[in-house]
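Participant: here is my input; please provide its structure:
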Amino acid sequence: MTAYDPDNIFAKILRGEIPSTRVYEDDDTLAFMDIMPRADGHLLVIPKTPCRNVLDATPEQLAAVMGTVQRLGHAVLKAFDADGVTIQQFNEAAGGQEVFHLHFHVLPRQEGDRLRPPGKMGDMEEIARQAEKIRSAI
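Facilitator: I've put the predicted structure just below:
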């Protein structure tokens, strides 16, 4: 397996080198809005410590991240009056991973909705409004 790259975009977000719309943070994890949202309220949860993905994460990293994923899952359900939540996580390029820092996608969902196509930049003002809704629901 390839070594962790400390210059990946999420490591840069953690160091404050790249801006992000932060929603929640604790000692071990950070949650921030996805700039290419596939659904309203789409956010990402990452550990603050280095690891590429589930395959090299420690049990402690996984426990911390999953606790935050659950907390934010409840928050997006409330904030968007959603019917459900999709949690996505990809490992290595062949598994669909594009940023090689462990991360979970949390997407509120409505019955019958469809995810937007990947790779399309979102409206940053709208993303900021959605982030505030989530913060208020935590």
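Participant: where does this structure have low pLDDT?
Facilitator: With pLDDT under 70 as the threshold, the chain has no low-confidence stretch at all.
Participant: closest to the centroid, which residue in it?
Facilitator: The C-alpha lying nearest the average C-alpha coordinate of the chain belongs to residue 44 (CA atoms, centre = their mean; 0.6 Å).
Participant: that residue belongs to a strand, doesn't it?
Facilitator: Yes - secondary structure assignment (DSSP: H, G, I helix; E, B strand; the rest coil) places residue 44 inside a strand.
Participant: measure it to residue 111 for me?
Facilitator: If you measure residue 44 against residue 111 using CB to CB, to the nearest Å, the figure is 24 Å. Placement of C-beta: from N, CA and C, glycine included.
Participant: ditto for residue 134
Facilitator: As for residue 134, its distance to residue 111 is 20 Å (criterion: CB to CB).
Participant: over to residue 12?
Facilitator: Noted for residue 12: a distance of 37 Å to residue 111, by CB to CB.
Participant: and if you look at residue 52?
Facilitator: Residue 52 sits at a distance of 35 Å from residue 111 (criterion: CB to CB).
Participant: mind checking which of the two has more residues around it?
Facilitator: When neighbours are counted by other CB atoms under 10 Å, residue 52 and residue 111 differ, and residue 52 comes out ahead with 20 against 7.
Participant: chain neighbours aside, what residue packs nearest to the more buried one?
Facilitator: Among residues not flanking residue 52 along the chain, residue 100 sits closest, at 4.8 Å (CB to CB, 6 or more residues apart in numbering).
Participant: pull the contacting residues for the one you found.
Facilitator: Contact criterion CB atoms under 8 Å, 6 or more residues apart in numbering gives 2, 4-5, 8, 52-53 as the residues in contact with residue 100.
Participant: going along the chain, name the strands of the protein.
Facilitator: Along the chain, the stretches classed as strands by DSSP state E are 22-25, 29-33, 43-47, 84-88, 104-109.
Participant: how about those in a markdown table, adding distance to residue 123?
Facilitator: Shown next, in a markdown table, are these (distance: least, CB to CB, whole Å):
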| stretch | distance to residue 123 |
| --- | --- |
| strand 22-25 | 17 |
| strand 29-33 | 11 |
| strand 43-47 | 15 |
| strand 84-88 | 21 |
| strand 104-109 | 17 |
